[in-house]
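A.B. asks: Here is a sequence with its predicted model. Questions after.
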Amino acid sequence: MNAEKCEFLAGNEPIEVIPSISDDKPMHLISGDIGPFEAGVPVRIPIWIALLMKRKHHCKIVMPTWMDVEELKRILTAETECQGLSSLPDYFFEISHMLVRDARDDIFEVEAVKSLVQDIYDRRDAKLRTSAIAFLSQNRTCHAQLDCVQPIEVASARGTLEACKQLGILVRNKHDSTPL
């Protein structure tokens, strides 16, 4: 899976919007009906539809509570203090990216939000790399369980994990081929 696929999957997550139009006919989709819409009355719809409506100036997107600057600071602090990975909302990075890219005018303090999300990602990425290298350098064949990992983190760590795995194989081969 790559970043685009992760973002595609995140697009089905529901988000609240405040429509600026009224439409008493619901949209019939494979995943279910959406609507009707009444101007000024909040409704939860999939992000991909919210972004389409936003592009047409048919709604204002209500940011998730976790995209508040103070909440992001709390998440960053928790991530810094926690040994492992802390729990994040589903598709945290993908949703943040889509909203910062396509709904900037609906985000209060957008640059601070963008910076804090990047800081959270960097902290988590460093933890994943460090733990992967430590785990793979144990020279044992075993499995590990990764809790609280976001889909985009799995996609981006795949290359690092594969490289570490190959390095482990080379080290094992060198140890196995040394004469007694």
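C.D. replies: That came in fine, so what should we check first? Numbering: from 1, shown residues only.
A.B. asks: ok, Ile30 to Leu99 distance?
C.D. replies: Here the criterion is Cβ to Cβ, to the nearest Å. By it, Ile30 lies 24 Å from Leu99. Placement of C-beta: from N, CA and C, glycine included.
A.B. asks: Between these two, which is the more surrounded one?
C.D. replies: The residue with more neighbours, out of Ile30 and Leu99, is Leu99; 24 against 4, by other Cβ atoms under 10 Å.
A.B. asks: Secondary structure element holding the more buried one?
C.D. replies: For Leu99, the element it lies in under DSSP states H and E is helix 92-102.
A.B. asks: Would you state the strands of this protein in chain order?
C.D. replies: Counting by DSSP state E, residue ranges of the strands within the chain are 14-19, 27-29, 32-34, 43-46, 59-61.
A.B. asks: ok so, going back, now do the helix holding Leu99 against strand 14-19, angle only.
C.D. replies: 20 degrees (axes from the mean of the first three to the mean of the last three Cα atoms, to 10 degrees).
A.B. asks: Show me what helix 92-102 is in contact with.
C.D. replies: Around helix 92-102, the neighbours that count as contacts under Cβ atoms under 8 Å, 6 or more residues apart in numbering are 3, 6-7, 9-11, 13, 15, 47, 51, 54-55, 61, 63-64, 66-67, 89, 106-107, 110, 113-114, 117, 120-121, 150-153.
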